[in-house]
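1. the sequence isn't on hand, but the structure is:
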């Protein structure tokens with residue numbers, strides 16, 4: 001029978017035990033090994049049993065077929081018991097294959113591998129060597145000096161010049177969002193050092209997390225406890241401010257940075273750098289406002305190059321308050337059209353939903369340009385708006401007018417920036433003392 005050695009086991013203690021019926025039920029036709037000698041109908045007639053259900057019950061409790069098979073581990077075996085013909089598939093080899101998995105050996109193998117991973121993880125922590133930091137020697141660009149100065153003066157830094165990780169992340173998201181290239185330049189020139197000593201440890205910890213998620217059911221109590229303990233460990237690569245060789249104290253370096261910024265005479269390259277910085281900063285702010293109003297009014301939006309061109313066209317010409325006024329009003333118009341598209345079958349909108357808002361902005365900009373007009377009313381930024389520390393530093397310490405930039409276009413800010421670099425030494429000293 002399917003190449004297996006079966007043994008017929010009898011339960012002679014069963015009150016309705018029928019040995020002959022049991023043998024006839026499991027007897028195979030020798031001319032055809034995949035067919036039983038008697039059909040159920042023939043057995044019902046031969047033994048004068050009223051129903052197939054009764055026959056199956058008598059056979060089940062009178063005995064069973066048994067065969068033994070080596071499990072997939074290669075060392076353990078399992079007895080298989082068959083009580084009904086339907087449990088045998090003559091036309092499928094190894095029809096019991098899914099039952100050949102040895103749970104005990106599988107658990108032992110998995111737990112051994114997990115123990116090895118945990119040991120390797122713990123050893124990798126102990127093998128970490130202290131890093132060596134070389135002082136920077138390259139000169140920073142003008143904007144890089146401003147970013148570094150604001151970072152050092154506004155972010156919590158330990159006596160060992162270690163930057164607080166959470167504040168570093170906040171600085172990145174607020175000050176360097178869209179302007180990552182400035183921070184990258186500071187890092188590449190060595191004024192900020194980010195260690196990578198835990199990179200391998202974090203990779204191994206992530207592997208342990210995958211093991212914990214996928215194999216929890218097979219793990220011993222001790223391994224579960226060990227995994228939980230090791231996964232609870234936090235590893236963060238340290239972030240340092242690195243002082244040039246000539247400075248022993250952070251405060252001295254801060255003072256020189258400040259003087260270099262304030263006394264710097266802008267050149268053409270600086271002006272181009274400032275213009276790019278202002279456009280990218282303003283573009284990031286506009287995207288923040290657009291995301292805000294789209295969430296508030298449930299407006300779907302497809303951001304693409306055409307949309308960004310319209311945004312740049314808008315921010316070059318208008319200050320942020322007037323830009324916000326345009327965005328706010330056109331979002332209201334777009335929301336009304338989207339409502340009409342959804343609930344009015346006669347809607348004549350020619351656009352898919354995610355292009356409605358960009359079309360309203362583009363059309364309104366075209367209208368203003370054709371009429372040679374400006375938006376009539378500015379609009380104050382949302383109450384929870386967070387102003388950039390870079391902006392506030394430049395406004396107070398370089399430009400010196402202590403005004404936020406939402407009332408000016410990037411070109412106006414650039415012009416004021418340029419004009420302010422012509423300040424006298426006395427003005428510079430006054431500004432510095434006021435900021436202390």
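-> Alright, I've got the coordinates. What you are looking at is a predicted structure, and each value in this text was computed from that prediction instead of being measured.
2. I'd say residue 183 and residue 191 touch.
-> No: counting by Cβ atoms under 8 Å, residue 183 sits too far from residue 191 to count as a contact (10.2 Å). No exception for glycine: its C-beta is placed from N, CA and C like everyone else's.
3. and the two? Which one has more around it.
-> For residue 183 against residue 191, the residue with the higher neighbour count under other Cβ atoms under 10 Å is residue 191, and the figures read 25 against 19.
4. how close does the more buried one get to residue 153?
-> Distance of residue 191 to residue 153, given as Cβ to Cβ, to the nearest Å: 14 Å.
5. next secondary structure element downstream of the lengthiest helix in the chain?
-> Scanning the chain for the longest helix, with DSSP state H as the assignment, gives helix 268-297. Past helix 268-297, further along toward the C-terminus, the next helix or strand under DSSP states H and E is helix 305-317.
6. mind giving me the packing neighbours of that next one?
-> The helices and strands touching helix 305-317, judged by 3 or more Cβ pairs under 8 Å, 6 or more residues apart in numbering; DSSP states H and E, are helix 268-297, helix 320-343, helix 356-370, helix 410-420.
7. what's the shortest one in contact with?
-> The one in question is helix 410-420. Outside helix 410-420, the residues within contact range by Cβ atoms under 8 Å, 6 or more residues apart in numbering are 266, 271, 274-275, 278-279, 282, 315-316, 319, 394, 398-401, 405, 408.
8. quick check: buried residues in that helix?
-> Under the neighbour-count criterion of 16 or more other Cβ atoms under 10 Å, helix 410-420 has 410, 413-414, 416-417, 420 buried.
9. okay, who's weakest in those by pLDDT?
-> Among the buried residues of helix 410-420, residue 420 has the lowest pLDDT, at 85.
10. do you know how far it is from residue 188?
-> Residue 420 sits at a distance of 29 Å from residue 188 (criterion: Cβ to Cβ).
11. about what we covered before: between residue 183 and residue 191, which contacts overlap?
-> By Cβ under 8 Å, 6+ apart, no residue touches both residue 183 and residue 191.
12. want to throw the helices and strands packed on helix 305-317 into a markdown table with distance to residue 142?
-> Putting the helices and strands packed on helix 305-317 into a markdown table (distance: least, Cβ to Cβ, whole Å) gives the following:
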| stretch | distance to residue 142 |
| --- | --- |
| helix 268-297 | 5 |
| helix 320-343 | 23 |
| helix 356-370 | 33 |
| helix 410-420 | 10 |
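13. domain parsing for the chain?
-> Domain segmentation of the chain under automatic domain parsing yields 7-100, 111-262, 268-435.
14. centre-most residue in this protein?
-> For the chain, residue 206 is the residue whose C-alpha lies nearest the centre (Cα atoms, centre = their mean; 13.8 Å).
15. what's near enough to touch residue 395?
-> Applying Cβ under 8 Å, 6+ apart to residue 395 gives the contacts 401-405.
16. longest strand of this structure?
-> Selection of the longest strand in the chain by residue count, based on DSSP state E, yields strand 63-70.
17. before we move on, the earlier item: gap between the longest helix of the chain and the chain center?
-> 24 Å (Cα atoms, centre = their mean, to the nearest Å).
18. what mean pLDDT does it have?
-> 95.
19. give me the helices and strands touching it, please.
-> Using 3+ Cβ pairs under 8 Å, 6+ apart, helix 268-297 is in contact with helix 142-154, helix 305-317, helix 320-343, helix 410-420.
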